[in-house]
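K.L.:
Build me a structure from this.
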Amino acid sequence: MTAAPLRIGNASGFYGDRFDAVREMLTDGPLDILTGDYLAELTMLILGRSRLKDPARGYATTFLQQLEEGLGLAHERGVKIVANAGGLNPAALAGAVAELARKVGVPVRVAHVEGDSLPVPDGFLTANAYLGGHGIAACLRAGADVVVTGRVTDAALVTGPAAAHFGWGPDDHDALAGAVVAGHVLECGTQATGGNYSFFRGHDIRRPGFPLAEIHPDGSSVITKHDGTGGFVDVGTVTAQLLYETGGARYAGPDVTARLDTVRLTQDGPDRVRISGVGGEAPPPTLKVGLTRLGGWRNEVVFVLTGLDIEAKAQLVQDQFAQTLARSRTGSPDEVRWELARTDRADADTEETAAALLRLVVRDQDPEAVGRVVSGAAIELALGSYPGFHVTAPPGKGAPYGVFEARYVPAEDVEHVAVGPDGRRERVTPPVRTKALEEVDEPDLPEPLPAGLTQLTPLGRIAGARSGDKGGDANIGIWVRTDDAWRWLAHELTVERFQELLPETAELTVVRHVLPNLRALNFVVHGLLGDGVAAQARFDPQAKAVGEWLRSRHLPIPVTLLETTDAPEAHA
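P.N.:
Sure, this is the predicted structure:
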């Protein structure tokens, strides 16, 4: 008899995601496990600052509010809850959940995972190792109904319950790798069900349902959603999420290294995508450690330039600002950055569409250098600068910004501990078999598409994209949906071509990874985001829209591909 799959749903992709998702996932269809991902690099900094104000906090308080109703619903339906909402203080959150359970009269057993918090180096605010799923598995085996963790990998929220349910051990690499891939698809919530999707036209994604995975004993899975919920699941939505915030073919984690170049996706019916064939390898001997610190102080002013002479107006205000800052007591800030966004149109029929935006960002270690000096200079220009002077918002006094750094430590140096519902502590030993991470050999490319007529048109006519951040780096995954389109893309979109299309990347290191099974290329741009999202170095600090920028660039695309495209909704 074939064992029934384990149904694992997701109800949160970040701290602040749709509040009602916990209730919806528990009431809209059957589940065995409900997960919630609340942590990100920026979130750890936010929680770190919260903990400075109140050492008893440092966790995602929204999760507790969701459980006021969710605990009873989960208990009635026999659903276990696993979430990393513990942040910097999983023990405190576990205690708060247990107290909430007593208050609402729901008999649940609460466990937590700790050990990710490491000694914080001088000058930093937080230091947390990325743990795997075996601590979660130990908590579930000990009888927990609710498991809260600190900094675990996003995929651990799926690998832990699957390992506990199917009895996988540390050496079940293929099964664990399959669960990692499923976990990566689920981790960002509705990004797997049509949210943030390139080919969204023609689909109703006004309120997409959250995704779930049916995990099988061999680690294969089907990604789907509850019947009747919004959005959709197809090979494209799953491909997009698979490429999100990944790099090469080896996707390393503390439990296993999953081979993304082995993943096979097949449509398994309406709103059902099967993931199979995932190969796994022993994990690296080290764990990633995320560190956050306050990097300094920043301020921002956005000037609105309207109508004629946009370039001259921009130059005038920049010259005036430079003179004012040079005369100030603190002098010019360490970093002064101007960006002119030409959002204006000629002969516009509304004032807003006649306007361009000039953005000033300043940074310095001294808060005074970016505070009243900058805001005062902006205000003083109000009656003596370019015609039509105004700004989008009153200048502020400046604010601190954060920096994320990644380091690596031997796995055996981190004390990964599962604290059961009865308080018993179980040390989770790191995997005995490990393998240092190496790049895979470049796969063979398909035969090039024969030469023929081309049309200069946006790349997005035939290709989808998904982009995101990892510290200061950005990844841009781009894929196509037919073999012929893949034959063209694999040869056309080289690193050099990529840098031509996205000039901001021209002076940076760009690495291309080829994933033939997904008909996809994954580009990693090192340093595009400076010190990471918390530093807000770019207009788009998390590189969320870089993929869509790439899709909007024009290329000579073979007419045969445009004639046969099955995505008319993607046309520019």
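
K.L.:
Strands along the stretch 151-300 of the chain, start to end?
P.N.:
Along the stretch 151-300 of the chain, counting by DSSP state E, counting those that start in this stretch, strands occupy 211-215, 221-225, 250-252, 257-259, 264-267, 273-276, 279-281, 286-306.

K.L.:
Give the other helices and strands that the last one contacts.
P.N.:
This points to strand 286-306. helix 41-53, strand 126-129, helix 310-327, strand 355-364, helix 367-370, helix 372-380, strand 390-391, strand 399-410 (3 or more CB pairs under 8 Å, 6 or more residues apart in numbering; DSSP states H and E). To be clear about C-beta, it is placed using only N, CA and C from the backbone, and glycine gets the same treatment.

K.L.:
ditto for the fifth one
P.N.:
With contacts defined as 3+ CB pairs under 8 Å, 6+ apart, the secondary structure elements packing on strand 264-267 are helix 235-243, strand 273-276.

K.L.:
Please name whichever of those is nearest to W488.
P.N.:
helix 235-243 (17.4 Å; CB to CB).

K.L.:
What is the distance between that closest one and the centre of its chain?
P.N.:
Centre-to-centre, helix 235-243 and its host chain are 13 Å apart (CA atoms, centre = their mean, to the nearest Å).

K.L.:
returning to that earlier point: would you list the helices and strands packed on strand 286-306 in TSV and tack on distance to P558, mean pLDDT and mean neighbour count?
P.N.:
Below are the helices and strands packed on strand 286-306 laid out as TSV (distance: least, CB to CB, whole Å; pLDDT from 0 to 100; neighbours: other CB atoms under 10 Å):
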stretch	distance to P558	mean pLDDT	mean neighbour count
helix 41-53	40	89	19
strand 126-129	48	97	24
helix 310-327	38	95	16
strand 355-364	36	96	21
helix 367-370	51	92	22
helix 372-380	51	91	19
strand 390-391	47	96	14
strand 399-410	41	93	17
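
K.L.:
Ok, which of the ones you listed comes nearest I476?
P.N.:
Once the helices and strands packed on strand 286-306 are compared by CB to CB, helix 41-53 is nearest, at 18.2 Å.

K.L.:
Can I get the closest one in CSV, CA atoms only?
P.N.:
Presented in CSV, the C-alpha positions along helix 41-53 are these (Å, rounded to 0.1, in the frame of the first residue of the first chain):
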residue,chain,number,x,y,z
GLU,A,41,18.0,39.2,6.8
LEU,A,42,16.2,42.6,7.4
THR,A,43,13.9,41.0,10.0
MET,A,44,16.8,39.9,12.2
LEU,A,45,18.0,43.5,12.4
ILE,A,46,14.5,44.7,13.2
LEU,A,47,14.1,42.1,15.9
GLY,A,48,17.6,42.9,17.2
ARG,A,49,16.6,46.6,17.7
SER,A,50,13.3,45.4,19.3
ARG,A,51,15.3,43.3,21.8
LEU,A,52,17.4,46.3,22.7
LYS,A,53,14.3,48.0,23.9
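
K.L.:
So what touches that helix?
P.N.:
Helix 41-53 has contacts (CB atoms under 8 Å, 6 or more residues apart in numbering) with 14-15, 57-60, 87-89, 125-126, 128, 151, 290, 292, 402, 404, 469, 471, 532-534.

K.L.:
and among the strands of the stretch 151-300 of the chain, the most buried is which?
P.N.:
strand 211-215 (a mean of 28; mean count of other CB atoms under 10 Å).

K.L.:
re the thing from before, and of the helices and strands packed on strand 286-306, who's closest to V428?
P.N.:
Using CB to CB, the helices and strands packed on strand 286-306 put strand 126-129 closest to V428, at 12.1 Å.

K.L.:
part of a strand, is N517?
P.N.:
No. Per DSSP: H, G, I helix; E, B strand; the rest coil, N517 lies outside any strand segment and is helix.

K.L.:
and it, how many neighbours does it have?
P.N.:
16 (other CB atoms under 10 Å).

K.L.:
I figured R363 hits P333, correct?
P.N.:
Yes. Contact status for R363 versus P333: in contact at 6.1 Å, counting by CB atoms under 8 Å.

K.L.:
Between the two, which contacts overlap?
P.N.:
V370.

K.L.:
Can you name the residues that contact I223?
P.N.:
Contacts of I223 by CB under 8 Å, 6+ apart are 182, 185-186, 192, 211-213, 233, 238, 272-273, 275.

K.L.:
Is it bridged to anything, and to what?
P.N.:
A213, V273 (DSSP bridges).

K.L.:
so what's L73 up against?
P.N.:
23, 26-27, 79.

K.L.:
Mind giving me the PyMOL command for buried ones among those?
P.N.:
Buried residues among the contacts of L73 (16 or more other CB atoms under 10 Å), as a PyMOL selection:
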select buried, resi 26+79
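
K.L.:
Which members of the contacts of L73 occur in helices, if any?
P.N.:
23, 26-27 (DSSP state H).

K.L.:
quick one: which of those residues is nearest F321?
P.N.:
Scanning those for proximity to F321, where the rule is CB to CB, the winner is R23, at 50.3 Å.

K.L.:
Check the secondary structure at the nearest residue to that closest one once chain neighbours are set aside for me.
P.N.:
Spatial nearest neighbour of R23, excluding adjacent residues (CB to CB, 6 or more residues apart in numbering): E69 at 5.7 Å. With three-state DSSP as the basis, E69 sits in helix.

K.L.:
E69 contacts A21, doesn't it?
P.N.:
No. The criterion here is CB under 8 Å, and E69 misses it with A21 at 11.9 Å.
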